[in-house]
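>>> My questions are about this predicted structure, shown below with the sequence.
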Amino acid sequence: MNVNGRKYRTIWLAEDGWGVEIIDQTRFPHAFETIRLETLEEAAHAIRIMQVRGAPLIGATAAYGMCLALRADATDLGLMNACSTLLDTRPTAVNLRWALDVVRKTLLPVPPEQRVARAYSLAERICDEDVAINMSIGTHGAKLISDIAASKRPGDPVNILTHCNAGWLATVDWGTATAPIYMSHDAGTPVHVWVDETRPRNQGAFLTAWELGQHGVPHTVVADNAGGHLMQHGEVDMVIVGTDRTTAEGDVCNKIGTYLKALAAKDCGVPFYVALPSPTIDFTLSNGLREIPIEERIGEEVSHITGLTASGKIETIEIVAPGSEVANPAFDVTPARLVTGLITERGVLTADRQSIAAAFPERVAG
Ligand SMILES: CSC[C@@H](O)[C@@H](O)C(=O)COP(=O)(O)O
């Protein structure tokens with residue numbers, strides 16, 4: 001993605017060939033700042049406090065975190081300890097476990113003195129694969145958008161609602177839910193995006209709105225509760241969201257509030273699509289509601305909010321009545337029956353076990 005005329009990925013190797021650079025997502029939308037990671041602890045911290053976030057980018061950062069860890073200790077014990085430190089950072093996005101499994105299984109049979117170099121090439125491969133996957137999701141999703149455009153009056157935009165940030169910033173490049181949007185926009189299909197603000201951390205208002213603006217995609221930020229109303233009044237042609245973990249049966253776990261959008265979409269006959277890169281499929285799970293771990297985050301994310309004051313200062317203020325209890329479940333599960341289709345790198349699938357297994361037979365086996 002281009003930012004201020006310069007092409008960026010969200011994570012990259014520093015010029016010295018070993019430090020890892022990331023964009024600090026806690027500073028959006030008011031500042032664009034990068035950070036250099038040099039240690040395992042810094043990589044784990046970046047994931048934990050959400051300087052990087054979004055399922056694919058969490059996986060990519062973990063892969064680079066392993067490189068940094070192995071520079072300090074490339075023994076079997078060092079490798080296993082680093083895996084468990086990174087795995088403990090966030091519980092829901094399965095891309096984290098997937099990336100760590102790839103690194104651990106590949107490196108354990110390799111002699112310790114060769115592990116650092118192998119880890120860096122693996123991390124680079126994981127990043128490149130993420131970009132390729134998202135571009136394929138973009139191609140398949142753009143076809144869905146152009147089909148809807150063909151049924152509208154020429155020039156009328158396809159109105160797409162999205163929740164949270166499954167965009168460029170959540171991946172290495174392109175995004176998952178946003179890839180079809182960027183590709184359609186670039187191809188001249190008129191699109192307009194309804195961006196759910198996505199309380200409590202406002203990934204929609206802070207991140208998705210920022211990156212759509214950078215790319216010149218027409219969009220409107222709405223309060224999370226507006227989606228149902230917009231759908232009832234024919235203002236939404238389709239929903240596209242991302243996912244942090246999708247079961248073998250097609251149940252989809254994504255940012256809190258996604259389920260309510262799926263219910264409203266079902267009631268209003270609006271197609272509800274999930275952009276799903278294959279590393280986000282957890283073939284060990286069937287029932288999303290019972291089996292997917294849902295991250296509980298700190299209450300301050302609900303009780304406080306950060307923004308720009310009229311005097312140009314970034315400040316955090318309290319917005320909940322003092323003394324009230326707050327709860328902060330960060331994800332919810334949308335059952336497969338509410339999902340119109342899964343937009344994967346291998347095409348648009350029905351959200352069921354047969355379709356998912358037929359598209360990714362090698363993942364079922366291993
Ligand atoms: C392509 S990213 C898909 C999901 O990771 C995204 O929709 C999401 O819920 C991110 O949550 P976050 O808590 O910001 O990491």
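Perfect, I can see it now.
>>> only C-alpha atoms for contact and neighbour calcs from this point on.
OK.
>>> And for the residue lying closest to Trp210 once chain neighbours are set aside, the neighbour number?
Here the nearest residue to Trp210 in space, its sequence neighbours aside, is Pro29; by Cα to Cα, 6 or more residues apart in numbering that works out to 6.2 Å. By the other Cα atoms under 10 Å criterion, the neighbourhood of Pro29 contains 17 residues.
>>> just Thr284 next, same as before
Burial of Thr284, expressed as a neighbour count using other Cα under 10 Å, amounts to 10.
>>> Now do the contacts for it.
Listed by Cα atoms under 8 Å, 6 or more residues apart in numbering, the contact set of Thr284 reads Thr247, Ala248.
>>> By proximity to the ligand, which residue of the stretch 251-366 of the chain wins?
Taking Cα to the nearest ligand atom as the measure, the stretch 251-366 of the chain has Lys255 as its residue closest to the ligand, at 3.8 Å.
>>> Tell me the secondary structure at the residue nearest to Trp210.
Three states are possible here, and by DSSP: H, G, I helix; E, B strand; the rest coil the one that applies to Pro29 is coil.
>>> And the pLDDT for it?
pLDDT for Pro29: 96.
>>> before we move on, what about Asn4?
According to the model's per-residue confidence, Asn4 sits at a pLDDT of 87.
>>> Who is the residue of the stretch 251-366 of the chain closest to the ligand paired with across the strands?
On DSSP bridges, the residues paired with Lys255 through beta bridges are Phe331.
>>> if I read this right, it contacts Asp196, doesn't it?
No: here Lys255 lies out of contact with Asp196, judged by Cα atoms under 8 Å, at a distance of 11.1 Å.
>>> out of these two, which sits in the busier spot?
Higher neighbour count among Lys255 and Asp196: Asp196, with 28 against 25, using other Cα under 10 Å.
>>> ok, now how distant is the more buried one from the ligand?
Asp196 sits 11 Å away from the ligand, taking Cα to the nearest ligand atom, to the nearest Å as the criterion.
>>> Surely that residue and Cys164 touch.
Yes: counting by Cα under 8 Å, Asp196 does reach Cys164; the two are 6.7 Å apart.
>>> Please enumerate the shared neighbours of those two.
Between them, Asp196 and Cys164 share the neighbouring residues Gly204, with contact defined by Cα under 8 Å, 6+ apart.
>>> Next, give phi and psi for Leu37.
When read as degrees, to the nearest 10, the backbone of Leu37 gives phi -100, psi 140.
>>> Apologies, that question was intended for Val274.
In terms of degrees, to the nearest 10, the main-chain angles of Val274 are phi -120, psi 120.
>>> so what's it up against?
With contact set as Cα under 8 Å, 6+ apart, Val274 has these partners: Ala177, Ile240, Val241, Gly242, Thr243, Val252, Val339, Gly341, Leu342, Ile343.
>>> Which other helices and strands does whichever strand or helix holds the second one contact?
Ile240 belongs to strand 238-241 when assigned by DSSP states H and E. Helices and strands in packing contact with strand 238-241 are listed as strand 158-162, strand 272-275; criterion 3 or more Cα pairs under 8 Å, 6 or more residues apart in numbering; DSSP states H and E.
>>> what's in contact with whatever helix or strand comes next after it?
Sequence-wise, the next helix or strand beyond strand 238-241 is strand 245-247, with elements assigned using DSSP H and E. Contacts to strand 245-247, defined as Cα under 8 Å, 6+ apart, come from residues 92-95, 252-254, 276, 280-288, 292.
>>> Pull the contacting residues for the residue nearest to Trp210.
Under the criterion of Cα under 8 Å, 6+ apart, the contact list for Pro29 reads Phe206, Leu207, Trp210.
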